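A.B. asks: Build me a model:
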Amino acid sequence: MAARSKARKRALDILYASDMRSEDAVVALDRAIADGEGPTNDYTAEIVRGVVEHLERIDGLLASYAEGWSLARMPAVDRNVLRLGVWEMLYSDTPDAVAVTEATALVRELSTDESPSFVNGVLGAIQRHEAAG
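C.D. replies: Next comes the predicted model:
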């Protein structure tokens, strides 16, 4: 697995766990770093901090483009992979196609059978309407 793919997986672990605990992901990240259990790849921290910094806009986009799905109704893994994917498309130097492919791969491995097509569809819609414009 490539270094950035591992960083995404670790960032997802932090985002998911903090979502389940209703805690700020940056607080969880900082605690893990202080305990010596933090990520070894700086990109993990960049993702977590970026998602938290832009969470309001990211969640607004997800609410707009996930037709028929509220954030609360989405599986937690899908919700957090989508947050990660939107952050990569809008706020990082990752090419949109790579962000979508990586997000789809994460849910293929970790979520439901329907998740890859759902995540791909939502991120594709955001890519067409937001990231490109």
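A.B. asks: All the helices of the chain, residue numbers only.
C.D. replies: Assigned by DSSP state H, the chain shows helices spanning 3-21, 25-34, 42-53, 55-65, 76-91, 96-110, 115-126.
A.B. asks: tell me the most buried of these?
C.D. replies: helix 76-91 (a mean of 24; mean count of other Cβ atoms under 10 Å). For glycine as for every other residue, the C-beta is placed from the backbone atoms N, C-alpha and C.
A.B. asks: circling back: please convert the helices of the chain to TSV, extending it with mean pLDDT.
C.D. replies: Listed next are the helices of the chain as TSV, based on pLDDT from 0 to 100:
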stretch	mean pLDDT
helix 3-21	96
helix 25-34	93
helix 42-53	97
helix 55-65	97
helix 76-91	98
helix 96-110	97
helix 115-126	97
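A.B. asks: Which residues are in contact with the most centrally placed residue in the chain?
C.D. replies: Centroid check for the chain by Cα atoms, centre = their mean gives residue 84 as the closest residue, at 1.8 Å. Residues near residue 84 by Cβ atoms under 8 Å, 6 or more residues apart in numbering: 8, 11, 12, 15, 47, 51, 103, 106.
A.B. asks: Can you tell me which of those residues is nearest residue 76?
C.D. replies: residue 15 (9.3 Å; Cβ to Cβ).
A.B. asks: Now do residue 75 against residue 40, distance only.
C.D. replies: Distance, residue 75 to residue 40, using Cβ to Cβ, to the nearest Å: 28 Å.
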